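In: model this:
(one chain, ligands or ions: 2)
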Amino acid sequence: PKIRKMLSSGVCTSTVQLPGKVAVVTGANTGIGKETAKELAQRGARVYLACRDIQKGELVAREIQTMTGNQQVLVRELDLADTKSIRAFAKDFLAEEKHLHILINNAGVMMCPYSKTADGFEMHMGVNHLGHFLLTHLLLEKLKESAPSRVVNVSSLAHHLGRIHFHNLQGEKFYNAGLAYCHSKLANILFTQELARRLKGSGVTTYSVHPGTVNSELVRHSPFMKWMWWLFSFFIKTPKQGAQTSLYCAITEGLEILNGHHFSDCSVAWVSAQARNETIARRLWDVSCDLLGIPMD
Ligand SMILES: NC(=O)C1=CN([C@@H]2O[C@H](COP(=O)(O)OP(=O)(O)OC[C@H]3O[C@@H](n4cnc5c(N)ncnc54)[C@H](OP(=O)(O)O)[C@@H]3O)[C@@H](O)[C@H]2O)C=CC1
Ligand SMILES: CC1=C(/C=C/C(C)=C/C=C/C(C)=C/C=O)C(C)(C)CCC1
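Out: Ligands and ions are numbered 1, 2, ... in the order given. Okay, the predicted model is just below:
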């Protein structure tokens, strides 16, 4: 029980209710994203489940509506491995909604065999970092108009092993599936810190999160990790426990002074030296804009 408690601590104890608030959660059809969306709906927010598989999303939306009694749970198609899909999602969302108070960049892939997104980006960097970078960019004006508002980026402890190899960002010179995931999770933290610097005074704040080691489908590409997760399933976090730090960063009152910080178990957490490097963060920002055809400012 002690090991289990140690690996599963951190509970979002905020009593904040969210009527009239609008939230988008990416990858909300399963795992941590699903539990995050459920709790936001439970607190009265209108929640958009941004999923690449609409059918899976609709099943989960019905489940959340039934469990919470909140009918304002909506599914919209978003494939982060395709910038056309990201742009289409943002265009429809901006036309449909007056506000966006909470954006949870949660979707992720881990340890997939070498593959590329529709736009030719390496899959981990493409989905986990560049896809969310573009989505956030496209929704930023709406977030500013809805301030106070928040962007939560779900990263990982795995960022400690990450490096941003600018000469090999698409993994074409060398590739390791585990490290590619770590690099993309480092990019999530660097993005959060640079975004926080650029958003100072706008009323939009941003946080990165390590959710803990969570029993989810993230390990689907690695038979060894699947086996480990199954073997230790009693000790690792449930998806509901894994959602607590994302929820804490999204709704806790007074967190604005910690804009740009990294959180784990609902507390500020230490990040690697690479993740604190402002030069790398600025360069990654510029390179990401360049790759995505976003004007640099
Ligand atoms: N589980 C853990 O121990 C840890 C998780 N994390 C992070 O937590 C986040 C959530 O992961 P978790 O819930 O564990 O994993 P899951 O695999 O259970 O969920 C990942 C979600 O991301 C979605 N997704 C994957 N690719 C895309 C895409 N191209 N476009 C849109 N959505 C996509 C999946 O959709 P679909 O179902 O259609 O594949 C799914 O909804 C990730 O960012 C992960 O890196 C960080 C540290 C540890
Ligand atoms: C060593 C070890 C464990 C820890 C695994 C860890 C710490 C995994 C971290 C995974 C991450 C960070 C994934 C996604 O980002 C277990 C399974 C708890 C128990 C068995 C021994």
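
In: Run through the residues that contact the residue in the chain positioned nearest to ligand 2.
Out: Residue of the chain nearest ligand 2, by C-beta to the nearest ligand atom: S156 (3.2 Å). The C-beta positions use only the backbone N, C-alpha and C, and glycine is treated the same way. Going by C-beta atoms under 8 Å, 6 or more residues apart in numbering, S156 touches 181-182, 185, 188, 210-211.

In: interface residues of this structure facing ligand 1?
Out: Residues of the chain lying close to ligand 1 (C-beta under 6 Å from any ligand atom) are 26-27, 29-33, 52-53, 56, 78-81, 106-110, 127, 154, 156, 210-211, 213-214, 216-218.

In: Got a quick ChimeraX command for the buried subset of those residues?
Out: Buried residues among the residues of the chain next to ligand 1 (16 or more other C-beta atoms under 10 Å), as a ChimeraX selection:
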select :26,27,29,30,31,32,33,52,56,78,79,80,81,106,107,108,109,110,127,154,156,210,211,213,214,216,218
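
In: Mind checking which of the residues of the chain next to ligand 1 land in helices?
Out: Counting by DSSP state H, the residues of the chain next to ligand 1 place 31-33, 56 in helices.

In: mind listing the strands in the stretch 1-150 of the chain by residue range?
Out: 22-26, 46-51, 73-77, 102-105, 149-154 (DSSP state E, counting those that start in this stretch).

In: which outside residues touch the second one?
Out: Residues outside strand 46-51 that contact it (C-beta under 8 Å, 6+ apart) are 21-29, 33, 37, 40-41, 57, 60-61, 64, 70, 72-78, 89, 93, 107.

In: Kindly supply the ChimeraX command isolating those of those residues that are buried.
Out: In ChimeraX, this line selects whichever of those come out buried by 16+ other C-beta under 10 Å:
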select :21,22,23,24,25,26,27,28,29,33,37,40,41,57,60,61,64,70,73,74,75,76,78,89,93,107
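
In: Quick check: which helices or strands does the lengthiest helix in the chain pack against?
Out: Longest helix in the chain by number of residues, with DSSP H as the criterion: helix 177-199. Packing contacts for helix 177-199, counted by 3 or more C-beta pairs under 8 Å, 6 or more residues apart in numbering; DSSP states H and E, involve helix 132-145, strand 149-154, strand 204-210, helix 278-292.

In: can you tell me which of these comes nearest to H165?
Out: Closest to H165 of these is helix 278-292 (C-beta to C-beta; 10.9 Å).

In: separation between the residue of the chain closest to ligand 2 and G178?
Out: Per C-beta to C-beta, to the nearest Å, S156 is found 12 Å from G178.

In: swap in I294?
Out: In terms of C-beta to C-beta, I294 sits 29 Å off from G178.

In: now swap in L247 and tell me
Out: 28 Å.

In: who has more neighbours, the two?
Out: L247 (24 against 13; other C-beta atoms under 10 Å).

In: how about the closest residue to the more buried one other than its chain neighbours, what does it touch?
Out: Excluding the flanking residues, the one nearest L247 by C-beta to C-beta, 6 or more residues apart in numbering is C12, at 4.3 Å. By C-beta under 8 Å, 6+ apart, C12 lies in contact with 39, 244-245, 247-248, 251-252, 266.

In: same check, this time on K226
Out: The contact partners of K226, by C-beta under 8 Å, 6+ apart, come to 219-220.
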